[in-house]
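Asker: Just need the structure, nothing else, for what follows:
(one chain, ligands or ions: 1)
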Amino acid sequence: MGSTTIGIIGSGQMGGGIALVGAVAKHNVVVYDKANEALTKCRADHAKRLAREVEKGRMTQADVDAAIGRLKYVHHVDGLKDAEVVIEAIVEDARVKAELFAMLAKMFTGNQILATNTSSISITEIAAAADHAHKGAGERVIGMHFFNPVPVMKLVEVIKGNQTSAATTERVIALAQSMGKTPIPANDRAGFVSNRVLMPMINEAFYAWMEGVAEPAHIDEIMKLGCNFPMGPLRLADFIGLDTCVHIMNVLADGLNNDRYRACPLLKQLVAAGRLGDKSGRGVFDYTATK
Ligand code: NAI
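Answerer: A predicted model of the protein is given here:
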């Protein structure tokens, strides 16, 4: 596939990573975030990561300069108008995503793809919001679920909503492959495959901690050594973001209509205290010394 102009909405952990991988894969990438400081941080992070690629001998300075030249950062959503594929990576909140996709459906009325990096929210519902705003737009809505950290993780879960067309799915699979990723299809059920299986396990680790079964570090060590996990579930929760974990548990509980998926009270309490994980410097564990 040739070069595509990709518009990214949300320049946080995931949007920033997707943008970087896209630019390195020779696509033109425009990144938009409603928060100026997030955009500034994203740009600095891209420069730092690319400089590290040169230091490690994985990219030449010329390749890095070319990748930086393909990246644009914009402070208004109108800056995305030339995008052929839009990938949304904003907060994991169904209402906020629905509002955004309704707006995108009116803004992009051609054959542009409107993809969401949601970890758990129904693609069919997001597509319905797009359809409502602009009839037929729902067939261009699809889930393109990258994994964290995006430059390292190969998987893209491709989730087809009820309205998603075969052409949209084919284009997204080709785009993911062009970015060096392995796209695997999953159906549109709450949490898809990855979070349906992973997130209840993470939630259970919080219950184990809350009930005093073991200290957090010991819970993680047991799961690493006993189950051959590269990272313990509590460390992984910090990495994902504890707020995102709560959002995903809410989606599972509501979408699967089962209270056994409710977020553990301790997990919710940490979020209320602003302990969101790596991104806030403290979650289950403390990262302030390493920041
Ligand atoms: P994050 O909190 O790091 O970044 C979200 C960014 O979106 C922030 O910079 C925020 O300013 C911006 N934003 C929020 N609302 C916006 C709006 N209406 N318009 C423009 N920008 C807006 O979040 P993260 O971790 O990057 O997650 C983003 C999405 O990716 C979520 O849907 C999440 O479920 C999903 N995801 C997260 C993974 C993870 O490990 N953190 C893994 C896979 C998917």
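
Asker: how close does Asp45 sit to Cys264?
Answerer: Computed as C-beta to C-beta, to the nearest Å, the Asp45 to Cys264 distance reads 31 Å. C-beta coordinates here come from the backbone N, C-alpha and C atoms, glycine included.

Asker: who's more crowded, these two?
Answerer: In terms of neighbours (other C-beta atoms under 10 Å), Cys264 is the more surrounded of Asp45 and Cys264; the figures are 21 against 16.

Asker: Spatially nearest residue to that one, not counting backbone neighbours?
Answerer: Closest residue to Cys264 apart from its sequence neighbours, by C-beta to C-beta, 6 or more residues apart in numbering: Phe206 at 3.8 Å.

Asker: residues contacting the one you found?
Answerer: Phe206 makes contact with Leu234, Ala237, Cys264, Leu266, Leu267, according to C-beta atoms under 8 Å, 6 or more residues apart in numbering.

Asker: if you set the cut-off to 7 Å instead, what comes out?
Answerer: Counting by C-beta atoms under 7 Å, 6 or more residues apart in numbering, Phe206 touches Cys264, Leu266, Leu267.

Asker: Enumerate every residue touching the first one.
Answerer: Which is Cys264. Shown in contact with Cys264 (C-beta under 7 Å, 6+ apart): Asn203, Phe206, Tyr207, Met210.

Asker: Quick check on the closest residue to Asp93 other than its chain neighbours: phi, psi?
Answerer: When the adjacent residues along the chain are set aside, Asp93 lies closest to His247, with 6.5 Å between them (C-beta to C-beta, 6+ apart). Main-chain torsions, His247, degrees, to the nearest 10: phi -60, psi -40.

Asker: now Val29
Answerer: Dihedral pair for Val29: phi -130, psi 130, per degrees, to the nearest 10.

Asker: Run a quick neighbour tally on it.
Answerer: By the measure other C-beta under 10 Å, the count of residues near Val29 is 25.

Asker: Am I right that it is in contact with Ser11?
Answerer: No - Val29 is not in contact with Ser11 according to C-beta atoms under 7 Å; the separation is 10.7 Å.

Asker: Check the burial of the residue in the chain positioned nearest to the ligand by counting its neighbours.
Answerer: Evaluated by C-beta to the nearest ligand atom, the chain has Gly12 as its residue closest to the ligand, separated by 1.9 Å. When counting by other C-beta under 10 Å, one arrives at 18 neighbours for Gly12.

Asker: how about it, phi and psi?
Answerer: phi -80, psi -150.

Asker: That one - nearest residue in space that isn't next to it in sequence?
Answerer: Per C-beta to C-beta, 6+ apart, closest to Gly12 is Ala38, 6.2 Å.

Asker: Secondary structure element holding that neighbour?
Answerer: Using DSSP states H and E, Ala38 sits within helix 36-55.

Asker: Show me what counts as buried in that helix.
Answerer: The neighbour-count check on helix 36-55 (16 or more other C-beta atoms under 10 Å) flags Ala38, Leu39, Cys42, Arg43, Asp45, His46, Arg49, Leu50, Glu53 as buried.

Asker: list the helices and strands the helix or strand following it packs on?
Answerer: Note on helix 36-55: by DSSP H and E, the next helix or strand toward the C-terminus is helix 61-69. On a contact count with 3 or more C-beta pairs under 7 Å, 6 or more residues apart in numbering; DSSP states H and E, helix 61-69 meets helix 36-55.
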